[in-house]
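> Following is a predicted model, sequence given first.
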Amino acid sequence: MISKTLPGRLRESLPAYAFLAPWLIGLFGLTLIPMVLSLYYSFTDYSLLAPPVWEGLANYQRMLSDDRYQHSLVVTFTYVLLSVPLEMVFALAVAVVLNQGLKAVAFYRAVYYVPSLLGGSVAIAILWRQIFGADGLVNQVLGTVGLDGPGWISSPDTSLFTLVLLRVWQFGAPMVIFLAGLRQIPGDVLEAAEVDGAGRVRRFVHITLPLLSPIIFFNLVLQIIGAFQAFTPAFIVSGGSGGPSDSTLFYTLYLYQKAFGSFEMGYAAAMAWVLLLIIAGFTAANFVMGKRWVFYADEREAR
Amino acid sequence: MAGLTRRSFLGFGAATAAAVALPGCGGGDSGGSADGLRVAWYGGDPVHKAMDKALADFTADHADLKLSTERAAFGDYWDKLATQTAGRKGPDVFRMSMSYYSEYAQRGALLDLTDKAGSAIKVDTLDKDVAESGRIDGKLMGIGQSSITHATFRNPQLVEKLGGKLPAEWSWDSFATFAKDFAGDAGPGKYGTGDAGGQFQIFEVWSREYGTEVFADGKLAVAKDVIEGWFAYWQDLRKAKAAPGADVTAEGGSFETSQLSKGASPIEFGWVQQLAFYQPLVKDAELVVGAVPGRTAGSLKGQFLKALDFWSVSGTTKNPDGAAQVIDFLVNDDRAVKAIGLTLGVPPSKKSRDLLAAQPNTPAGRAIAYVEQIEQQVGPSPQPWPKGYGELGTVFTRLNQDIGFGRTDPAAAADKFASEAGRVLGA
């Protein structure tokens, strides 16, 4: 009977596989196979134009003595450490304000969310270039009060901070998630605290924040990963150079330059894998530390 | 889902399958079939318009060939071409710059055109130097599409407004004096010259004036103190405010944003054909094209006349004959020469130049007159730039920037450049 049931089963499951096919093709063709290949390339000297040549750990060793590589790490870490906390605080603050029962909350939510939708786009980065250019909007406003502003994006002292600001400005996505989280906080708990005489600040610190901590954690993990992978703004604002004077040389931008500018695909692949490890490390650290401060309501009930 | 019958559902499925399959077919075609050709180039809007016009005439002659085109700005072009070439999907005919020529030629990405030259592609009309410029390791990997030389673009009106006069010839010393005087007279926000310190290709003129090529046999040949002298020269001009500060230059970078186009400086450095790009941006004056300063006034031995851009054919093309026809048309046909004008450089044949020089008051006419005037005085052409040239060019620009922002000094920058060159060129 076995010989009869197997084809029968196959016939039964065939439609399922057919419907899964696009996803399976995507998984293997666009994710798994390229990943395995890139791991292989990271151990080779590969110029794109000629076949790869195996050279072991040379690419990884090279990072230890590559000044620009290390500089790109410094730039990227500076960017992540500055932009993520600022963006989170901003997003939470706006979410709290919007949660106060404003009439046109849907309108404001949409308005604040728009920059995030446009965020990765080239248009916004170009706009940023215009706003912070030497003759841009910021300096025109400063000019009206008699101040002579610098070329914000063309001076290495300020260029990175304009990109931090750009990221903070795109706080819409975490803000919407915070807003959803705030809506979940049971009103009776807050009311009970109010009856007991707890003020606004006390209620926020002792009730809202702990109950919101899973949401904060979620946003933190996502934003850190996103910030490490930031590419478009630096690419557009610096014209692909990471300049002026390498001040916006993000990790991903340097990787891109190596891959397509100087045909060092092997080195770039190695850099990509190190970035993966760095992000994995940060995420793992987040989860370990999260145990101390992330508070799940159902955990307490279980105890 | 109420109105969805079994039949219409199946019909929808079939349509989807067809839609998915069709672009696949199209992709196969453009990958290079025997009767289809993909032509790719880099440049700005004037180049795109000119090429479209020229290729329209070609298509009219060759209805049997399906031509498709791909265009990009210089920077993006190379990212795309490298990726396409790696995937063996490179365009059939494409514009190739000497900055990346060795990279592609020595890695076997280009078709050897030795057999085609002289038969399918007429090259006897081309200037001798241009016809041979594309030869690398004995193989002809590209047909020179233009001959170009270094130039300075000058706005005489800006100088005359301040009571000055542009000299016909400069030494680097007298040029510095001129730039400082102009900036001093014109006041803040005006500069005697754009900052060419980061232009690796103009540095080549400086280097040759000291008797050494920048590269020899694929290695850096120029001495460190010559590089240091160049960086120091521009640092001096920036400090004297005769050249714009590093932040001002960092914000420029295109023809539109250059100090010359903004009317903030009477001088910009570049390649001769760029006169055609600058002139429309400087509306109130007729720009003059002149030589780059020499160590002594009037010395032109640092400059050279050479093909720096080529038409190349992909090593994987399925239609080498069609590709050759396109190249022959672009280089030799009068309609193409007229349509392209000066956008790719000065045409590489006397016949084409005469065609364009017929109107001496156009930018094309003036640029060609300049080339013919200096032709006999310039030095010999250098070898094709080595593999890694493109990367070194960006290193050079960055180092000049670092000096401008006070992050390093000319001596350290020259050291750094030499060590980078050693790494990139494989010392």
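Perfect, I can see it now.
> Remind me what the host helix or strand of B:Leu399 packs against, helices and strands.
In the assignment (DSSP states H and E), B:Leu399 maps to helix B:389-404. If you count contacts as 3 or more Cβ pairs under 8 Å, 6 or more residues apart in numbering or on different chains; DSSP states H and E, helix B:389-404 packs onto helix B:98-105, helix B:200-209, helix B:224-239, helix B:246-251, helix B:410-425. No exception for glycine: its C-beta is placed from N, CA and C like everyone else's.
> Could you export that helix as CSV, CA atoms only?
The C-alpha trace of helix B:389-404 is given here as CSV (Å, rounded to 0.1, in the frame of the first residue of the first chain):
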residue,chain,number,x,y,z
TYR,B,389,43.7,54.6,-10.6
GLY,B,390,40.1,55.4,-9.8
GLU,B,391,40.6,54.6,-6.2
LEU,B,392,43.8,56.6,-5.9
GLY,B,393,42.0,59.6,-7.4
THR,B,394,39.5,59.6,-4.5
VAL,B,395,42.4,59.2,-2.0
PHE,B,396,44.1,62.2,-3.5
THR,B,397,40.9,64.3,-3.2
ARG,B,398,40.4,63.2,0.4
LEU,B,399,44.0,64.1,1.4
ASN,B,400,43.7,67.6,-0.1
GLN,B,401,40.5,67.9,1.9
ASP,B,402,42.2,66.7,5.1
ILE,B,403,44.8,69.3,4.7
GLY,B,404,42.2,72.0,4.1
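> what sits up against it?
The contact list for helix B:389-404 (Cβ atoms under 8 Å, 6 or more residues apart in numbering or on different chains) reads A:241, A:243-246, A:261-262, B:78, B:98-100, B:102-103, B:195, B:197-201, B:203, B:215, B:231, B:234-235, B:238, B:245-246, B:249-250, B:408-410, B:413, B:416-417, B:420-421, B:424-425.
> repeat that for 6 Å
Contacts with helix B:389-404, where a contact means Cβ atoms under 6 Å, 6 or more residues apart in numbering or on different chains, come from A:244-245, A:262, B:99-100, B:197-198, B:200, B:231, B:235, B:238, B:246, B:408, B:413, B:417, B:420-421, B:424.
> Would you state the strands of the stretch 101-250 of chain B in chain order?
Secondary structure of the stretch 101-250 of chain B (DSSP state E, counting those that start in this stretch): strands at B:135-136, B:139-140, B:143-144, B:150-154, B:215-216, B:219-220.
> Contact residues of the stretch 51-200 of chain A facing chain B?
Residues of the stretch 51-200 of chain A lying near chain B by Cβ under 6 Å from any Cβ of the partner chain: A:134, A:151, A:154-156.
> let's see it at 7 Å
Within the stretch 51-200 of chain A, the positions adjacent to chain B are A:133-134, A:150-151, A:154-156 by Cβ under 7 Å from any Cβ of the partner chain.
> Most neighbours among these, which one is it?
In terms of neighbours by other Cβ atoms under 10 Å in any protein chain shown, those top out with A:Ser154 at 29 neighbours.
> sorry, back to before: take the residues of the stretch 51-200 of chain A next to chain B and lay them out in CSV including pLDDT and secondary structure.
Formatted as CSV, those follow (pLDDT from 0 to 100; DSSP: H, G, I helix; E, B strand; the rest coil):
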residue, pLDDT, secondary structure
A:Gly133, 83, coil
A:Ala134, 79, coil
A:Pro150, 78, coil
A:Gly151, 81, coil
A:Ser154, 85, coil
A:Ser155, 87, coil
A:Pro156, 88, coil
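> of all the residues you listed, which two lie farthest apart?
Spanning the widest gap among those are A:Gly133 and A:Pro156, at 15.4 Å by Cβ to Cβ.
> Make sure B:Ser97 is actually in contact with B:Asp309.
Yes. Contact criterion Cβ atoms under 7 Å: B:Ser97 and B:Asp309 qualify, at 5.6 Å.
> Looking at the two now, which is surrounded by more residues?
Using other Cβ under 10 Å as the criterion, B:Ser97 and B:Asp309 rank with B:Asp309 on top: 26 against 19.
> what residues are up against the more buried one?
B:95-97, B:145-146, B:344-345 (Cβ atoms under 7 Å, 6 or more residues apart in numbering or on different chains).
> Just send those residues back as CSV, with distance to B:Pro156 and pLDDT too.
What follows is these, written out as CSV (distance: Cβ to Cβ, whole Å; pLDDT from 0 to 100):
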residue, distance to B:Pro156, pLDDT
B:Arg95, 33, 96
B:Met96, 36, 95
B:Ser97, 31, 92
B:Gln145, 31, 90
B:Ser146, 26, 87
B:Leu344, 27, 91
B:Gly345, 24, 88
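> Select from those the one having the most neighbours.
Neighbour max across these (other Cβ under 10 Å) = B:Met96, 28 neighbours.
> Contact partners for that residue?
By Cβ under 7 Å, 6+ apart, the contact list for B:Met96 reads B:104, B:142, B:309-310, B:312.
> before we move on, what about A:Val221?
If you count contacts by Cβ under 7 Å, 6+ apart, then A:Val221 has A:283, A:286 around it.
> And it, which helix or strand is it part of?
Per DSSP H and E: helix A:209-228 holds A:Val221.
> ok, which pair from the contacts of B:Asp309 is furthest apart?
So, those by Cβ to Cβ: farthest apart are B:Met96 and B:Gly345, at 12.9 Å.
> care to break the chain down by domain?
The chain I'm using is chain A. Segmentation of chain A into domains, based on automatic domain parsing, reads A:2-41, A:62-302.
> wrong chain, I was asking about chain B
Domain assignment for chain B, taken from automatic domain parsing, gives B:6-144+B:311-340, B:150-303+B:388-425.
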